[in-house]
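Engineer: have a look at this fold, sequence not included:
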């Protein structure tokens, strides 16, 4: 008698099931898109082009300049401005957030100004940025910085504040000074929360960049979308939109994977019931 082995869905890992469900969802959406545009013609191509038309436009933009650059040129331009803004926000935001939690006097002086400024939308600064820097890379990087900075500051402060007092007391018992305690005890424990702030800042900065490029860009994916509108090219607009989404997902995935490399103790903290 031959025994047949069947892999039941219940035996699959949660990650595998999530991957399969996600793939099925995307394939289902793609099928509906093709059916509505290419098979039954329910939607006017001027409203929503078919996936095949967008794929052809995508291939064209890879080799033929549009709006002064190829698709790769627009992507690199966006990544450059985004990287400048996010990296600057991280370099300044982490120390400010740590000082908010570690230095009460610094928090008392600076926090009121921070609380006022963080509620001002990033795009409200665009006219000021144009006056200061003109229609340049710095203008868009400034908008990215303003969008990314608050999340890093707030999560850095929260990460330090969540360090258990018993750890600080233990460090003092062993003779560690304030700076040594901060460097050897507080920062490793707070690092996962700080990294969460950086991940949020990465997303906020990416979205703010595209908006800034729509307003004042000379190249980049936001500018590509704007030029597609000016040229009545809906397929170009969708190429820009899809590129933004794919790049955003790729950036977020890289940030998540880098956390496992840079903060290898995160898993041990979670297993031990830490933050």
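Structural biologist: Arrived safely, thanks for sending. Quantities reported herein were computed from a predicted structural model and do not represent experimental measurements. Numbers count the residues shown, from 1 in each chain.

Engineer: what helices and strands are in contact with the host helix or strand of residue 84?
Structural biologist: According to DSSP states H and E, residue 84 maps onto helix 71-102. Contacts defined by 3 or more Cβ pairs under 8 Å, 6 or more residues apart in numbering; DSSP states H and E place helix 71-102 against helix 51-63, helix 104-117, helix 137-161, helix 187-216, helix 221-230, helix 234-262. To be clear about C-beta, it is placed using only N, CA and C from the backbone, and glycine gets the same treatment.

Engineer: what's the mean pLDDT across stretch 129-143?
Structural biologist: Averaged across stretch 129-143, the pLDDT comes to 88.

Engineer: name the residues of it that are buried.
Structural biologist: Within stretch 129-143, the residues scored as buried using 16 or more other Cβ atoms under 10 Å are 129, 137, 138, 139, 140, 141, 142, 143.

Engineer: start and end of it, how far apart?
Structural biologist: The straight-line separation of the ends of stretch 129-143 (Cα to Cα, to the nearest Å) is 8 Å.

Engineer: how far off centre is the helix holding residue 84?
Structural biologist: Distance of helix 71-102 from the chain centroid (Cα atoms, centre = their mean, to the nearest Å) equals 10 Å.

Engineer: quick one: average pLDDT of that helix?
Structural biologist: pLDDT averaged over helix 71-102 gives 95.

Engineer: middle-most residue in this structure, spatially?
Structural biologist: Taking Cα atoms, centre = their mean, the centroid of the chain lies closest to residue 203, which sits 2.2 Å from it.

Engineer: which residues are in contact with that one?
Structural biologist: Under the criterion of Cβ atoms under 8 Å, 6 or more residues apart in numbering, the neighbours of residue 203 are 248, 252.

Engineer: please apply the same query to residue 201.
Structural biologist: 86, 89, 90, 93, 147, 148, 149, 151, 152.

Engineer: grab the nearest non-local neighbour of it.
Structural biologist: residue 148 (3.6 Å; Cβ to Cβ, 6 or more residues apart in numbering).

Engineer: can you count the residues close to that neighbour?
Structural biologist: By the measure other Cβ atoms under 10 Å, the count of residues near residue 148 is 30.

Engineer: pLDDT score for it?
Structural biologist: 96.

Engineer: check residue 6 too.
Structural biologist: At residue 6, pLDDT is 47.

Engineer: tell me how far residue 219 lies from residue 136.
Structural biologist: 12 Å (Cβ to Cβ, to the nearest Å).

Engineer: can you report phi and psi for residue 64?
Structural biologist: phi -110, psi 120 (degrees, to the nearest 10).

Engineer: and for residue 209, the neighbour number?
Structural biologist: So residue 209, with other Cβ under 10 Å, has 30 neighbours.

Engineer: so it sits against residue 84, correct?
Structural biologist: No: the pair residue 209 and residue 84 fails to qualify as a contact (Cβ atoms under 8 Å) at a distance of 9.9 Å.

Engineer: give the buried residues for stretch 182-189.
Structural biologist: 182, 185, 186, 187, 189.

Engineer: burial count for residue 158?
Structural biologist: 18.

Engineer: against residue 248, how distant is the residue nearest to the centre of the chain?
Structural biologist: According to Cβ to Cβ, residue 203 stands 7 Å off from residue 248.

Engineer: and for residue 164?
Structural biologist: 35 Å.

Engineer: same check on residue 224?
Structural biologist: Distance of residue 224 to residue 248, given as Cβ to Cβ: 15 Å.

Engineer: so what's residue 185 up against?
Structural biologist: 163, 167, 168, 171, 176.

Engineer: dihedrals phi and psi, the third one?
Structural biologist: Note on residue 168: its backbone torsions stand at phi -70, psi -40 [degrees, to the nearest 10].

Engineer: tell me the pLDDT at it?
Structural biologist: Among the per-residue scores, residue 168 holds a pLDDT of 75.

Engineer: any idea how far residue 103 is from it?
Structural biologist: Counting by Cβ to Cβ, the gap from residue 168 to residue 103 is 15 Å.

Engineer: which one's more surrounded, those two?
Structural biologist: When residue 168 and residue 103 are compared on other Cβ under 10 Å, the one with more neighbours turns out to be residue 168, at 16 against 13.

Engineer: gap between the more buried one and residue 104?
Structural biologist: Distance, residue 168 to residue 104, by Cβ to Cβ: 15 Å.

Engineer: no further questions, thank you.
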